[in-house]
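Asks: using only what follows, build the 3D model:
(chains A and B)
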Amino acid sequence: MVLPRRKANRMQGLNVPDVDFETTWGVLEKAFLEIHTKNASALSFEELYRNAYKIVLKKKGEELYHKVADFEARWLSSEVRTKIVATITPPLQLLTEGNGGRLLSSTAERRTAGENFLRTLKQSWEDHGVCMGMLTDVLMYMVKDRVYCTDHRQPSIFAKAMGLFRDQILRSFDRPNGTMLAECLTKVILDQIQMDRDGEKIDQHLIKANVYMLEGLYQSDQEVEEEKLYLKMFEPYFLETSAAFYREEGERLLKESDAGTYCKEAKRRIDEESDRCRSTISEATTSKIQRVVEDELIRHKMKGLIEMDSGVQYMIDNDKLYELGLVFELEARVDPRKGELTKAIVKIVQDMGLAINRTAEVTSAAPPTAAAQDDAGEEKQKAGAARQINQQTVAALKWVEDVLALKERFDSIWKVAFNSDQTISTALTRSIADVINAFGRSSEYISLFIDENMKKGIRDKTEIEVDATLEQAIMTLRYLQDKDIFETYYKKHLCKRLLLKKSQSIDVEKQMISKMKMELGNSFTLKLEAMFKDMTLSEDLTGGYRAHVTRLGQADAKRVELSINVLTSMTWPLEAFRGAGEDEREGRSNLIFPGSIERIKTGFERFYAEKYSGRKLTWQTNMGDADMKATFPKSRNGRPMTHDINCSTYGMLILLLFNDLRADQPLSLEEIQTKTNIRESDLKRNLQSLAVAPKTRFLVKEPMSREIKAGDKFYYNDNFSSKIIKIKVGVVSAGNKVEGDKERKETEKKNNDSRGFAIEAAVVRIMKQRKDLSHAQLITETLTVLSSQFKPDVNMIKKRIESLIEREYLERIEDAPVPSYKYLA
Amino acid sequence: MATPLLSKHALESALSSEQRLISTGRLKEENPLDTSPSFRLFCEACRRGDLKVCQEHITQNININARDEFDYTPLILASLCGHYEVVQMLLEQGALCERDTFQGERCLYNALNDRIRNLLLSYDYSKSTDPLQPLAGHITSLLSRATPKTSDIAVHAGDATFTLHKFVLSARSPYFKRKLDAAPETTTWRLSQAVPAESFEAAIRYLYMGDAQVKLVEGEEKQEMVVAGVEKLSRMLEIPLLLEGILNAGDRRQARQRRTEEVERGRDQLATWFEENVLRHKLEVDTARAEDVQWDRDNGIFADVLLRADEEAEEDETPDEVSPHIPQVRNTTGPLNGIPIGHFQPSRSPSRARQPRKSILFPAHRAMLLRSEVFATMFASPFREGQELQHLQIVPVDCSPEVLSIVLTFLYTETASFGLDIALEVLHAADMLFIDRLKQRAALFISTLGNGSASIVEAENPRGETDAEDPINVYDVMRAGWDTRVHRLEEFGARYLAYRLERFIDEAEFKVLVQESAARIQGRQEIDTVELVDDIRYYLSERFRLRFEDAGLDEMMDEDVNAETSVPDPEAEAAESKGAVQDDEGVDVRSGLTPPQEDEFAPVVRTLDGEIAGDEFAQDAINYQILLGKIDSLMENLGLDG
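Replies: Alright, predicted model coming up:
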């Protein structure tokens, strides 16, 4: 059997019989030497490639591989190492041997020696790289020959050569028992970096080149990414020395400079380190070194920094916004929640808030003074002073304004210095809320603040300013916890404003209500809106009644016109008009009206009953007022003159008594009371304004004194004179006073009652829906439901639940694993 | 274009509109009708799975994507009949199977099994590339490739400067050809200011076989200027198709077709140019004086390097004539190291060289040589080849001039046609030069043609040996497969051996080959199998399995060896068997060869067993056992397990 003739086998190439490994290798070795001595340009790539190819083809790849490796090892250990070791001069030896090395030689010496060393090493590394590149080019076929390299579990020749550089150069010693070169390298670089930190110039590129070398080499020939020499032999030492350096630096700075400077310095250092990573060492270290610096300069020092004399408190007090910004920036680096700074800020806000609260308390907690002030106010009023603002009100206004100013201030700090940070914003909100809620009278004061503004504050303001004021009020409301108490106060104040027509602008009032609606929800403003509705309805009613009377055709000059406000009794806090401790039933509707008035009254009652059957009208005479025309004979320079007098209903009744009397006929206090049936305290107050106040002295009192006493007699004052045609009789007791202690207790009690109802209602609603529920869950849900109104006391909820159980709305579920309730339909 | 989920009527309408486009000549038909006899034979081969005939037809430049009168394309036939190898071969050589076309979907739908279907899908047009794409891509990449420097002319257009290659310009544009023929030493050229740089860039991309596209520029006016510039250049450079390409850049399929045509035209132009310049200017000199040849840089064909291949020294044929035993192979050196060396190296003594050897020098362009990784590294290296000297450097290439010519042709034109006789050599050269595609091509030739049949081998075997079946030396192929890491050849070799094992099993060189295979593995790790033997056993079972599978092999073994009871009508069976086996199995490999072998081996069977096997089945079964036994004993002799 014959196989076909083998055509010439040309795989063997041109120079025919040379298959001798040694000879071929000889050629290659000679060429390699040329390459290493930078004489490659005359060599023929083709020839070398062909030789290497042939060797591999003849299955001598392994031998070739080892030969090349041996050759490289020899070259590196003889030529290259000697050259490098020669550059390790005494200053470097000192540096690398002991810890005190830095001190034993001058910086300049060390720098020159170090740079020399680094330069030589860099040069060797680069040469090695170039040579190995050329070698692998030539050995291309061997490299490609997977049969060899991967099958034999050998690193590629290039990796092997890199490994050789590591073993023969970096892991060798500068002299027997000396330092390992890699260690020398690390120390030299660290020394150079230290110089850089001390502000001296160093050759960054040189270091970078060496670091680049360390990054290109691995612990073993497997080239595991985590085992770069850089990570193993340099980075840990670098981080360690850096940590030590910054620990010291930080302490020195804390001791020597103020907080602002410290922050600037710390920031500079951090930037510097990341610059250094970019320019001098490896980017991979950036995050690690930053962490070290942050740890040393910020995290461990932040608390001390904030609490320094020149710390955050100082900065806020002196509006050092830039420094605050720095502190924030540093803190933000190490702690996304900014714990330390937030803590400090919260404390400062609370301290400042506490101071505001205390001032307000001090101002208001002096009832005697306040009473005296009241008297003085009255005096002034008598003296013609139009305004009367008592101390309490001032305190209230000041408190609200202070709180607003506090918030304003921290808001601007927050914006400028804290970069509008969310966490700090939350903390600020919380601490301002704490300040507001820590003050017992906050609800009342806020309402008072609005009241004051509604009555006077907004008089000369543009729309925008008014809006801003309203917004401020709403803002404080937002923080307020006990919204129900606020509601009570606001209702009371609003009621007075509406009925006494003290409000500057109904539009603004409505605006305010709609703002509250937005902020606090529909249910909150329901009753307030009802009040406005009542007012409108009443206007219609009055008009309707007037038309009704006209239709009746009793054209009567003496007819008394009636203008009436019908108020829904549940909506309006009418008790606000009653004096403290007054009994509701006492003296109401028992007034004796003169005939014309009585007719009107009954006439309207009839009219109303026709219109709305089944409704009962209760006359609130204490709140009414009347316009009268009165003619005094000597009013205008001894000539008679008619005045329009506006006075309370009570005043009208009193004055009407004198209509039918002669000027010298007196009525005693007791007679007046019998004829009118006005309660004594009211009577006295009204008489005081009619007979004592100089501008409205329509009556003459005997004896002339300020106090009205039993047995006093009153005459018609026919000597009354005034240039003014319209005279308004003031009644003592108006004005937006802060409540007295007694009143407050009452408000509180009422408040507690209404809260009780609200809680019960909430509990029943929840239970109705859920049928049965555990105790803890019920409490939580109740709290959630009520949170928009107020924050109920848990004990109160418990009591209410007890009472609901008693009333058989709920029952306890026996043998439930956790205490639970069941709803009873 | 149709989407994959078209309903029948939508598909039909898409088809009819496509046909309308074709009939109006706007679209080239991808599958033209071909009723020639050779195409019919080709289709027939695809149907039968006859790798060799298929490859022969493809080599003769048959349109692989044509269809027969029943609208079948060769690819559809092969996939329908389940011939995986044929399908693979067709796809590798440019058969189209594109989703979203009628024929493509049909082909996928018809695939006999999932294996073939997946193969088809993996060659889907979007993924597969035009077989010419690597060439076109390389030429385009020359525009942006900075190292090593290969450009030899700088063209200034407006502010921009283009560094270009004279040979590309000359090959692709008649205008440049005239200009450069007149003054080949030109190194700079200035374009008239009237033509915007963008226009020129588009023209250049076109010349460099890239996508003809005009870069979008700001402003309509400017854009128009650019298009006008292109028009002007198109006229001036005498490349009329450039403008057309840019104007009609809309339709995807048309654009693709145009591009395919364009690349083909580019390749042809380059091929012509290559033929007329490179090949025509090759020099034949005495090897001894080859180094003295000096070419100036400014030569008429813009070559910047000379490649040298040496003729083989004349040999005295008689003593080296391959003898049946090839004894000197093992005598020269020790078994393991020495074999490849001794085997490949013709033992040549100085006395045999007769005449002065001749060398052929091919002038070449680095730009094209870069397609070989070795050349790319060489020209980029700081070695001598990487430098620019006064005269062109002569770079020797370690192969015969014939092979070098094939290599160059491939690098310049992406075509390779060569005989089986030098396929191995081409394979080695391609491996040495890292030209993967050429290597695959050579391997493909060997593995498809190498199984041989009378037709091709007789032509190749002029000596008229009596026993001339083997067109190749399977040992060489096997070793080449190992050396060049072409798995396909290993498979081919193992199969080749398995189907003719009777002939090889006792040869000494077979034993050596097994040892070599074992050595390859042991070098890796201590697992006790020999890859070659495993492969041969596998193919051996494949070879016999076909006949046993109906009755069940084990049963057959037990019964047939002892008695012939199970076969009812032995005589009739025996009479028909040869023909039946061939037709049914359709395995080309076996059709011509195996039966005669069996006849040859029948006496051996008899002598070994001492009795005559009654029929074909029994004979096969016994043969199978004997061959397996021989392998086992061979392994034992060699001290190998497995």
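Asks: tell me how far residue B:363 lies from residue B:402.
Replies: Remark: distance between residue B:363 and residue B:402 (Cβ to Cβ, to the nearest Å) = 17 Å. To be clear about C-beta, it is placed using only N, CA and C from the backbone, and glycine gets the same treatment.
Asks: walk me through the domains of chain B.
Replies: B:31-128, B:135-274, B:282-316+B:352-435, B:473-642 (automatic domain parsing).
Asks: tell me which of those domains lies nearest to chain A.
Replies: Proximity to chain A, assessed across the domains of chain B by Cβ to the nearest Cβ, is greatest for domain B:282-316+B:352-435 (3.8 Å).
Asks: helices and strands around the helix or strand residue A:359 falls within, which ones?
Replies: Element membership for residue A:359, per DSSP states H and E: helix A:339-364. If you count contacts as 3 or more Cβ pairs under 8 Å, 6 or more residues apart in numbering or on different chains; DSSP states H and E, helix A:339-364 packs onto helix A:302-307, helix A:312-317, helix A:321-334, helix A:391-416, helix A:422-438.
Asks: buried stuff in the last one?
Replies: So the one you mean is helix A:422-438. A:423, A:424, A:427, A:428, A:431, A:432, A:433, A:434, A:435, A:436 (16 or more other Cβ atoms under 10 Å in any protein chain shown).
Asks: do the longest one as well
Replies: Judged by neighbour count using 16+ other Cβ under 10 Å, the buried positions of helix A:391-416 are A:391-400, A:402-404, A:406-407, A:410, A:413-414.
Asks: residue ranges with poor pLDDT in the stretch 101-250 of chain B?
Replies: Applying pLDDT under 70 to the stretch 101-250 of chain B flags residues B:124-130, B:212-219, B:245-250.
Asks: strands of that one, residue ranges please.
Replies: With DSSP state E, counting those that start in this stretch as the criterion, the stretch 101-250 of chain B has strands at B:153-157, B:160-164, B:188-190.
Asks: and the last one, which strands flank it?
Replies: So the one you mean is strand B:188-190. strand B:153-157 (parallel) (DSSP bridges).
Asks: doesn't residue A:292 make contact with residue A:235?
Replies: No: using Cβ atoms under 8 Å as the test, residue A:235 is too far from residue A:292 to be in contact (10.8 Å).
Asks: what strand or helix carries residue B:411?
Replies: Short version: residue B:411 belongs to helix B:401-413, going by DSSP H and E.
Asks: check which residues of the helix holding residue A:359 are buried.
Replies: Buried, per 16+ other Cβ under 10 Å, within helix A:339-364: A:340-342, A:344-346, A:348-350, A:352-353, A:356-357, A:360, A:363-364.
Asks: quick one, grab the pLDDT at the spatially closest residue to residue A:696 that is not a sequence neighbour.
Replies: In this structure, residue A:696 finds its nearest non-sequential neighbour in residue A:729, 4.6 Å apart by Cβ to Cβ, 6 or more residues apart in numbering or on different chains. Residue A:729 is assigned 76 on the pLDDT scale.
Asks: before we move on, what about residue A:268?
Replies: So residue A:268 comes in at 86 (pLDDT).
Asks: any chance you could list what contacts the host helix or strand of it?
Replies: Under the criterion of DSSP H and E, residue A:268 resides in helix A:259-279. With contacts defined as Cβ atoms under 8 Å, 6 or more residues apart in numbering or on different chains, helix A:259-279 is touched by A:193, A:196-197, A:204, A:208, A:242, A:246, A:249-250, A:253-254, A:257, A:283, A:285-286, A:289-290, A:293-294, A:297-298, A:301, A:305-306, A:308, A:310-312, A:314-315, A:320, A:322-323, A:326-327, A:329-330, A:333.
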